[in-house]
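Asks: Quick one, fold the following:
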Amino acid sequence: MAPAWVSVALLPAVNVTLAFLVAGLIVTLIGEDPIEAVKILLSGALGSAEAIGYTLYYTTSLIFTGLAVAVAFHAGLFNIGGEGQAYVGGLGVGVVVLALDSILPGWLLIVAAVFCGAAFGALWGFVPGYLQARRGSHIVITTIMFNFIASALMVYMMVNVLIMPGQMTPHSREFAPQSWLPFAHDIAADVGFDMPSSPLNLAFLLALLCCVLVWLLIWRTRLGYAIRVVGRSDRGAVYAGIDPARIVMWAMAISGGLAGLMAVNTALGVTHRLLLDFTEGFGFTGIAVALMGRNHPVGIVMAALLFGVLYQGGAELAFDMPAITRDMVVVIIGLVILFSGALDRMLQPALERCFTRTHRDSA
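Replies: Numbers count the residues shown, from 1 in each chain. Purely as a prediction, here's the structure:
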């Protein structure tokens, strides 16, 4: 039997390496140097304080959506609805700030917006959880459907209700400055450090706090224990006196709340208004982040950082190497998702056999 680190650490590393090898082959076929492409990608993502700020900004959103998928997965649920839950969470953030930014002080307004973003996302996650727990609907089907409903709801609200008067582009008016989350470079300037401007903001610390809270929830609380038991066996949970239906609804509500918090990073942290497509597909990328991170907060942070590097470095790569278009960068990211998601366990039997054989020979 191979040790746990083979599955937890070695297998994701091998999958990512294989994805980059295939991507390198594609880059070679279009006539570019893959080594030079990797250098540009890493330099664009990690080569300066400004680049790191952009990378960590993307990482922040992916931490929220990765945690959302992970919590549901521990309950045996595959939540495909992070995108829709983030959309509705954004509506919660936007509605509260637009309604109250002329009344509430800044700190209270931010707290209310964070709470409502999580609450709206939790409600949007709870409904598919309820449908599975009480009506037998499959969670994958309902969460996919709820993505489309959330998208349609967002379009309606932005075009007919929240649009800034006199504008053709569907976005809200700008939030009052007291609702803006501080940027990292502004915080650094306040304590005497000079940092280049970037979209990195205080939501990054909120994402890390959520990682700690999710770890405490899943591995240090009775609810977390019940979630893991239900994820392993419904029958075992019933035998232990746990109501699987109740746990499914709780898990999906928590999952949706975490996805809803993604809007805090974008709406309160950077755009300072509600935009139509603010999720940028991160709700779906969070699935790969959770799978690559083995549904553990530490692994999710590392996987989110990898995808943050790909998003930021890929933008620089498309700029410096015109032959590698933005679509090519999407293909590279897709390869990482393919090998870390759909083909995640493809190499596990071979790795375990190799480790077992090596260990037996050395003994």
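Asks: what about Leu77, neighbour count?
Replies: Neighbour count for Leu77, taken as other CB atoms under 10 Å: 25. C-beta: built from backbone N, CA, C; applies to glycine.
Asks: Torsion angles phi and psi at it?
Replies: phi -120, psi 140 (degrees, to the nearest 10).
Asks: gap between it and Leu100?
Replies: Leu77 is 34 Å from Leu100, where distance means CB to CB, to the nearest Å.
Asks: Kindly report the same for Ala176.
Replies: 9 Å.
Asks: now swap in Leu11 and tell me
Replies: Leu11 sits at a distance of 48 Å from Leu100 (criterion: CB to CB).
Asks: Show the pLDDT at Met321.
Replies: The model reports Met321 with a pLDDT of 88.
Asks: Any buried residues in the lengthiest helix in the chain, and which?
Replies: Determined from DSSP state H, the single longest helix within the chain is helix 106-135. By 16 or more other CB atoms under 10 Å, the buried positions in helix 106-135 come out as 109-110, 112-114, 116-133.
Asks: just checking, what packs against that helix?
Replies: Contact here means 3 or more CB pairs under 8 Å, 6 or more residues apart in numbering; DSSP states H and E; on that basis helix 106-135 packs against helix 82-100, helix 139-160, helix 244-260.
Asks: which one of those helices lies closest to Ile337?
Replies: Ile337 lies closest, by CB to CB, to one member of the helices and strands packed on helix 106-135: helix 82-100, at 13.9 Å.
Asks: doesn't Glu280 fall inside a helix?
Replies: No. With DSSP: H, G, I helix; E, B strand; the rest coil as the criterion, Glu280 is coil rather than part of a helix.
Asks: And Leu275, its phi and psi?
Replies: Torsion angles, degrees, to the nearest 10, at Leu275: phi -110, psi 160.
Asks: Need phi/psi at the nearest residue to it once chain neighbours are set aside.
Replies: Counting by CB to CB, 6 or more residues apart in numbering, the nearest residue to Leu275 once its immediate chain neighbours are dropped is His171, at 5.0 Å. Dihedral angles of His171 (phi, psi; degrees, to the nearest 10) stand at phi -140, psi 160.
Asks: Verify the stated contact: His171 with Leu274.
Replies: Yes. With the criterion set as CB atoms under 8 Å, His171 and Leu274 qualify as a contacting pair; they are 6.6 Å apart.
Asks: and the two? which has more neighbours close in?
Replies: Using other CB under 10 Å, the more surrounded residue of His171 and Leu274 is Leu274, with 28 against 17.
Asks: Hmm, that one is touching Ser179, no?
Replies: No. Counting by CB under 8 Å, Leu274 stays clear of Ser179, with 11.7 Å between them.
Asks: if we can go back for a sec, any shared contact partners between Ala176 and Leu100?
Replies: Leu109 (CB atoms under 8 Å, 6 or more residues apart in numbering).
Asks: Show me whatever sits in contact with both of His171 and Leu274.
Replies: Met158.
Asks: buried sites along stretch 35-54?
Replies: 37-38, 40-41, 44-45, 49, 51-54.
Asks: mind listing which of those residues are in helices?
Replies: 37-38, 40-41, 44-45, 49, 51-54.
Asks: Can you add pLDDT and distance to Asp234 and give these back as TSV?
Replies: What follows is those, written out as TSV (pLDDT from 0 to 100; distance: CB to CB, whole Å):
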residue	pLDDT	distance to Asp234
Ala37	91	48
Val38	90	46
Ile40	93	50
Leu41	91	44
Gly44	94	47
Ala45	94	43
Ala49	92	50
Ala51	95	47
Ile52	96	44
Gly53	96	45
Tyr54	96	44
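Asks: Which one of the residues you listed is nearest to Ser197?
Replies: For those, the nearest to Ser197 is Gly53 (7.8 Å; CB to CB).
Asks: That closest one and Tyr225, how far apart?
Replies: From Gly53 over to Tyr225 (counting by CB to CB), the distance is 38 Å.
Asks: Then Gly269?
Replies: For Gly269, the distance to Tyr225 - CB to CB - is 34 Å.
Asks: Tell me the spacing between Gly224 and Gln348.
Replies: 26 Å.
Asks: Neighbour count for the two, which is higher?
Replies: Ranked by neighbour count (other CB under 10 Å), Gly224 and Gln348 place Gly224 first, with 20 against 16.
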